[in-house]
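# sequence isn't available, so here's the structure alone:
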């Protein structure tokens, strides 16, 4: 009986201990968010859950955090937290046990901290305007105040917000309001100013530039001065590369800076309000957004996963109110995310899928493509739309010289450089195997043509065929279509034929405009994969038709109206036909460009781009000649009319847009009245 009582008492005590500790460390099993990755077209694609929320620390021992602003998991396995509201640094175990307090009575507003490999704690204190250095036991070792150096600047503020330290002991400090960049301080002589590092660029939008152009000098001086954004947070990896995140920068919120301070990555996905950045064990980069989203990138800046989100008030683990910092367990790859507003730490554990991706990624990034192939194949078995896996398999197949299969893998990954390299090899193999036959075929074709011409000249065997072709050429519609060649050889004569000799009509011009649309669609959707500018499988034929036919009619009508007002001689028919026939180079050259796009690689891409440039310049010149010849203008009058034509087209578009908005509002208003009437009738 006594043994039973002891067991019951033990169970009750364990239960009570769990109740006491439940506010410190709570474990959950579900993820209240979706996880996304990015495909080769930069589209968000939902994928398996990459990280599961597995725990939450709401208090450290018996103490509560107050507006914590930074956190780091040190090499000794302890969490160091900048408890800003309580003016201290709290040391905790990974399950919320209090291990110590540092800086009590010294720190005033600790905003950032960094723990070195030898367990020295650097704390950036904004209010004290110093960076304090503590030992592992909490003793103050040294402090760095405002640099006394002419290059620092007399008016430059020193209000440390964040801090990191490299292997040599050099300190990198972000100071609030200091737009010159990251402050570098050497530990020698009590702190020597080394200079500024990784300065953000000043960006001026078009509106500001326009205002500066039209305003007076006095007004420009009263304008708000454009200064570069101050980084929000920073991190330094084992190789000494510095990472920064900057809030409010519309183009570059994440940077990876080399020793010279130059950015070496350009992520296509970013968050406008990043709070912190840290690197993982496979050189992956984590960015925590203030809004609660966690982004994981490869070392090249390609998005791996994005997950998390903002808490809607239901207090679900995995969602946040206001994230201030993130750190990672380099061994177990667990993430620790600090929520400033909730004053808690949420813990995320990588899933089996993520661990598999990381293992494959580590081999891939180290150039071990063949070794990573099997792992990437396992990733694809779990998620067949994971493009990074297709890329890894493509690289492995390429090294195996299996170029045909590599070509397919690269295409699935939407990776054009790899596809181009594989196609180059396939093309070389084909040329080696078939070059002799190709040359022989060309020689045979050339000889056959010569023989046929000789026989025809002597015996006129092709006379019936020529007769049929001559008859076809005499058809008015065909004659009007073939008249397009005149615009390639003698454009001025061509427009003279339209205006004076009436050699073309509406029917042929409309047919050619339809053919222009067909060539346009084929050029847009039918180019080779390397040179295609639109996503495969996505077709917007209706929108394309609206652009081609609507844009053409808009320019023709605008030019006719402007030319009529400016005493032009051309009739609407002349301008309509002249505009269509000005597209002659497009009809003739574009089909060859489309064919070349299936033959050339990225190394010869200049041929495609140069050919496109020639086509568009040639069409523009023909349009200018058309306006001049049809209306009998001087060159100056021609450019004036063209400018007014474009301006008129813009005004017409704006008017149509305004009409569309007004009509939409009227329809919505009528619909709301009708809905209200139906509601009242039903509720009588």
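Nice, I can see it. Predicted model, so just to flag it, every value in this text is computed and none were measured. Numbers count the residues shown, from 1 in each chain.

# give me the most central residue, the chain.
residue 268 (2.3 Å; C-alpha atoms, centre = their mean).

# retrieve the pLDDT associated with that one.
For residue 268, the pLDDT comes out at 81.

# make 405 the first number, not 1, from now on.
With the count now opening at 405, the last piece we talked about shows up as residue 672.

# that one contacts residue 443, doesn't it?
No: using C-beta atoms under 8 Å, residue 672 is not in contact with residue 443, being 11.2 Å away. C-beta here means a position set from N, CA and C on the backbone, and glycine is covered the same way.

# and stretch 802-818, how far out from the chain's middle?
Taking C-alpha atoms, centre = their mean, to the nearest Å, the mean C-alpha location of stretch 802-818 is offset from the chain mean by 24 Å.

# how is the protein carved up into domains?
Listed domain ranges for the chain are 756-865, 877-1069 (source: automatic domain parsing).

# so can I have JSON lines of the ones you listed showing mean neighbour count, distance to residue 604 and mean pLDDT?
Shown next, in JSON lines, are the domains of the chain (neighbours: other C-beta atoms under 10 Å; distance: least, C-beta to C-beta, whole Å; pLDDT from 0 to 100):
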{"stretch": "domain 756-865", "mean neighbour count": "16", "distance to residue 604": "28", "mean pLDDT": "91"}
{"stretch": "domain 877-1069", "mean neighbour count": "16", "distance to residue 604": "31", "mean pLDDT": "90"}
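
# and the nearest residue to residue 774 once chain neighbours are set aside, what does it touch?
Of all residues beyond its chain neighbours, the one nearest residue 774 is residue 800 (5.2 Å), with distances taken as C-beta to C-beta, 6 or more residues apart in numbering. By C-beta atoms under 8 Å, 6 or more residues apart in numbering, the contact list for residue 800 reads 773, 774, 776, 777, 780.

# any chance of JSON lines for the domains of the chain, columns distance to residue 533?
JSON lines is the format used below for these (distance: least, C-beta to C-beta, whole Å):
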{"stretch": "domain 756-865", "distance to residue 533": "41"}
{"stretch": "domain 877-1069", "distance to residue 533": "52"}
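
# which stretch among those domains comes nearest residue 746?
domain 756-865 (25.0 Å; C-beta to C-beta).

# so how far is the closest one off the chain centroid?
Between the centre of domain 756-865 and the centre of its chain there are 27 Å (C-alpha atoms, centre = their mean).

# circling back to that earlier point, in helices, which of the contacts of residue 800 fall?
Secondary structure assignment by DSSP state H places 773, 774, 776, 777, 780 of these in helices.

# which residue is the nearest non-sequential neighbour of the residue nearest to the centre of the chain?
Among residues not flanking residue 672 along the chain, residue 446 sits closest, at 5.1 Å (C-beta to C-beta, 6+ apart).

# any idea how far that neighbour is from residue 706?
Relative to residue 706, residue 446 is positioned 10 Å away (C-beta to C-beta, to the nearest Å).

# okay, these two: which has more neighbours?
Ranked by neighbour count (other C-beta atoms under 10 Å), residue 446 and residue 706 place residue 706 first, with 19 against 12.

# so who does the more buried one touch?
Residues in contact with residue 706 (C-beta under 8 Å, 6+ apart) are 442, 671, 672, 792.

# looking at those residues, which is nearest residue 886?
Among the contacts of residue 706, and counting by C-beta to C-beta, the member closest to residue 886 is residue 672, at 47.9 Å.

# next, the closest one: secondary structure please.
coil (DSSP: H, G, I helix; E, B strand; the rest coil).

# so the residue nearest to residue 672 makes contact with residue 673?
Yes: the pair residue 446 and residue 673 passes the contact test of C-beta under 8 Å, sitting 7.5 Å apart.

# report pLDDT for residue 658.
For residue 658, the pLDDT comes out at 91.

# the residue nearest to residue 911 when sequence neighbours are not counted and residue 794: what is the separation?
Excluding the flanking residues, the one nearest residue 911 by C-beta to C-beta, 6+ apart is residue 881, at 6.6 Å. Distance, residue 881 to residue 794, using C-beta to C-beta: 50 Å.

# just residue 665 next, same as before
Computed as C-beta to C-beta, the residue 665 to residue 794 distance reads 35 Å.

# top helix in this protein by residue count?
Using DSSP H to define each element, the chain has its longest helix at helix 1039-1086.

# show me what it is packed up against.
helix 955-969, helix 1009-1035 (3 or more C-beta pairs under 8 Å, 6 or more residues apart in numbering; DSSP states H and E).

# chain center to the last one, what's the gap?
Just to be clear, that refers to helix 1009-1035. 32 Å.

# likewise the first one?
Here helix 955-969 shows a centroid-to-chain-centroid distance of 38 Å under the convention C-alpha atoms, centre = their mean.

# for the next helix or strand after it, packing partners?
Sequence-wise, the next helix or strand downstream of helix 955-969 (DSSP states H and E) is helix 976-985. Counting contacts by 3+ C-beta pairs under 8 Å, 6+ apart, helix 976-985 is packed against helix 895-903, helix 910-929, helix 955-969, helix 1009-1035.

# now the next helix or strand after helix 976-985 against helix 910-929, angle please.
Helices and strands here follow DSSP H and E; after helix 976-985, the next one along the chain is helix 988-1000. Orientation check (axes from the mean of the first three to the mean of the last three C-alpha atoms, to 10 degrees): helix 988-1000 against helix 910-929 gives 30 degrees.

# which residues touch helix 988-1000?
Residues from elsewhere that reach helix 988-1000 (C-beta under 8 Å, 6+ apart): 888-889, 891-892, 916, 919-920, 923, 926-927, 930-931, 1011-1012, 1015-1016, 1018-1019, 1022-1023, 1026.

# do that again at 6 Å, thanks
888, 891, 892, 923, 927, 1015, 1019, 1022, 1023 (C-beta atoms under 6 Å, 6 or more residues apart in numbering).

# re earlier: can you redo the helices and strands packed on helix 976-985 as JSON lines with distance to residue 452?
Shown next, in JSON lines, are the helices and strands packed on helix 976-985 (distance: least, C-beta to C-beta, whole Å):
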{"stretch": "helix 895-903", "distance to residue 452": "61"}
{"stretch": "helix 910-929", "distance to residue 452": "32"}
{"stretch": "helix 955-969", "distance to residue 452": "44"}
{"stretch": "helix 1009-1035", "distance to residue 452": "37"}
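
# quick one: closest of these to residue 722.
helix 910-929 (41.4 Å).

# what is the helix or strand following the closest one packed up against?
Elements were assigned by DSSP H and E; along the chain past helix 910-929, the next helix or strand is helix 945-949. Other helices and strands packing on helix 945-949, by 3 or more C-beta pairs under 6 Å, 6 or more residues apart in numbering; DSSP states H and E, are absent; none qualifies.

# can you rerun that using 7 Å?
In terms of contacts (3 or more C-beta pairs under 7 Å, 6 or more residues apart in numbering; DSSP states H and E), helix 945-949 is packed against helix 910-929.
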